[in-house]
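In: give me a 3D structure for the following:
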Amino acid sequence: MTQHNFTPQGVCSKAISFDLDEGKLHNVKFVGGCPGNLVAMSKLLEGADAKETVKILKGNPCGARGTSCADQLAIAVEEAMAS
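Out: Coordinates of the predicted model:
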């Protein structure tokens, strides 16, 4: 299991961390942002397939920001899978 840390851009959350183990997400955590939504998303993603998560979350906007915490997580997961 490898831990990954990511600094999101253009959103309220200040940091995202997660573990990848054999293509599955674990221990997704956000620092800052909308706690209710992000805690719920973290619970829903426990054990989720990383590739499917990217497909689902990538490009989801938050208002007029052009990105969201979910989109930033997708970017982080995509980068982690590529490294």
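
In: residue 72 against residue 6, yeah?
Out: Yes - Residue 72 lies in contact with residue 6 (C-beta atoms under 8 Å); the separation is 7.2 Å. Glycine gets a C-beta too; all of them are placed from N, C-alpha and C.

In: settle it for me: which of those two has more neighbours?
Out: More neighbours surround residue 72 than the other of residue 72 and residue 6, with 24 against 17 (other C-beta atoms under 10 Å).

In: can you tell me the element the residue of the chain positioned farthest from its centre falls in?
Out: Relative to the mean C-alpha coordinate of the chain, counting by C-alpha atoms, centre = their mean, the farthest residue is residue 64 (19.3 Å). Using DSSP states H and E, no element contains residue 64; it sits outside every helix and strand.

In: separation between it and residue 46?
Out: 31 Å (C-beta to C-beta, to the nearest Å).

In: just the helices in the protein please.
Out: Under the criterion DSSP state H, helices of the chain are mapped to 35-45, 50-57, 69-82.

In: quick check: neighbours shared by residue 72 and residue 6?
Out: Shared contacts of residue 72 and residue 6, defined by C-beta atoms under 8 Å, 6 or more residues apart in numbering, comprise residue 16.
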